[in-house]
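A.B. asks: Just the structure for this:
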Amino acid sequence: MRIKSYFAHAVEDAVDAARQELGPDAMLIDSRRAPPESRHLGEYEVVFGLHTAPVEAGNGASEAASPAEWIAGERLFGEVAELKKELEAMRRALARPAYAAAGITGALAPNAAGALETLASSEMPPDLARAVVEGAERRLTSAHAAPERGAQHSDGAAFRRALAEELASRFTVQSALGCSDARPRVAALVGPPGSGKTTTLVKLAVNYGLACRRPTMLLSIDTYRVGAADQLRSYAAILGVGFQLLETVTALAQALEEHRGKDLLLIDTPGLGFGDLDHSSGLARFLGSRTDIDTHLVLPASMKSADLAQAADAFEVFRPRRLLFSKLDETGSFGPLFGEAERTSRPLSFFTTGQRIPEDIEAASQARLIDLVLAGQGARARSAA
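C.D. replies: Residues are numbered from 1 along each chain as shown. This is a model prediction of the structure:
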């Protein structure tokens, strides 16, 4: 793969240089302010990748990686991926004794015991896993006459259908942006640091703004993280959409009124740790009180069940309407996602599955999450493919 960095005093100029040399098939990997040692080449650096043979650098461009470095990086990536798989398998194995110690696997029919093992492997909370399996058994029993119960309980396919139906009955999805009766559609993303709010915001802008020919505006009130506004401003310039950085809640309210002529307004907020939430009470009150703002709580899929619950409870002050799970590619255990959706009764909106913009985002669906919970690594492999 060909990877090159282009430097210019404006992001648009760097993008134009990359497109001119690499062609329309080149993929944008990153855009940022140039590091001090490269600042003489230009104020901004834009990194592009292309699946083709290496060519000579020119026109103000510099190589980001040699072929040997790229091969070494690919090998390292593969080794890290294998290590993650081994750790996940160990974690699932350690979870099974906890189920047995709690008496959860006792006195169960073979199909039910197998289902409980699958849910244990997905790291679903034990009490919830038992309730789901028992609910599936009740569904299967009520669906057939008494003389047929034994035969139906031995029918693995019938039990799997009942299990999927029980899972689907316990959570909902609403893959939408904005409140249906409000114009313009306004959506805000809130969540802890590192949850991927900014890149998710850009993916939403492309897929649900530009792709639908909706005039879109990106608003940022993230003044906490160094360079966050510059990153979003660069993306906005590349996409050709409006961008505005706001420093106060009052300025945000004024911007929403000012841009009422747009079809889609997307608000990026700072990543807030538990210790920062007290300092953002004004923003929380504002987003929670506005019925026209659709607030999504963005949580990384790699979080453990207890951490997901703690984060969701902490961000309750923002009154989020939906849950958006990011970084599904960074875990193979999806039981905690189901558990949090069931616990909070909040609809799921979107899933993100990688760093690529705008490809790695999808509308949440019941079938998708159920497949992930029940199929584990197999579903993850299909997603990657």
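
A.B. asks: in the stretch 201-350 of the chain, which spans are strands?
C.D. replies: Shown for the stretch 201-350 of the chain, the strands assigned by DSSP state E, counting those that start in this stretch span residues 216-220, 242-245, 264-268, 293-300, 322-326, 348-352.

A.B. asks: Output the ones you listed as JSON lines; include the columns mean neighbour count, mean pLDDT and distance to residue 40.
C.D. replies: In short, each C-beta sits where N, CA and C put it, glycine included. Shown next, in JSON lines, are the strands of the stretch 201-350 of the chain (neighbours: other CB atoms under 10 Å; pLDDT from 0 to 100; distance: least, CB to CB, whole Å):
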{"stretch": "strand 216-220", "mean neighbour count": "25", "mean pLDDT": "92", "distance to residue 40": "29"}
{"stretch": "strand 242-245", "mean neighbour count": "17", "mean pLDDT": "91", "distance to residue 40": "27"}
{"stretch": "strand 264-268", "mean neighbour count": "25", "mean pLDDT": "93", "distance to residue 40": "31"}
{"stretch": "strand 293-300", "mean neighbour count": "24", "mean pLDDT": "94", "distance to residue 40": "38"}
{"stretch": "strand 322-326", "mean neighbour count": "26", "mean pLDDT": "96", "distance to residue 40": "37"}
{"stretch": "strand 348-352", "mean neighbour count": "24", "mean pLDDT": "96", "distance to residue 40": "36"}
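
A.B. asks: Throw these into CSV and include distance to residue 310, thanks.
C.D. replies: Below are the strands of the stretch 201-350 of the chain laid out as CSV (distance: least, CB to CB, whole Å):
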stretch, distance to residue 310
strand 216-220, 26
strand 242-245, 30
strand 264-268, 23
strand 293-300, 11
strand 322-326, 14
strand 348-352, 19
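
A.B. asks: out of the ones you listed, nearest to residue 183?
C.D. replies: Comparing these against residue 183 with CB to CB, the closest turns out to be strand 264-268 (10.1 Å).

A.B. asks: what is the orientation angle of the closest one with strand 216-220?
C.D. replies: Interaxial angle of strand 264-268 relative to strand 216-220 (axes from the mean of the first three to the mean of the last three CA atoms, to 10 degrees): 20 degrees.

A.B. asks: So for residue 141, which of the strands of the stretch 201-350 of the chain sits nearest?
C.D. replies: Across these, closest to residue 141 is strand 348-352 (CB to CB), at 29.3 Å.

A.B. asks: hang on, the earlier thing: any idea which of the strands of the stretch 201-350 of the chain gets closest to residue 201?
C.D. replies: Across these, residue 201 has its closest neighbour in strand 264-268 (5.1 Å, CB to CB).

A.B. asks: Adjacent strands (with direction) for the closest one?
C.D. replies: Partners of strand 264-268 in the sheet, by DSSP bridges, are strand 185-190 (parallel), strand 216-220 (parallel).
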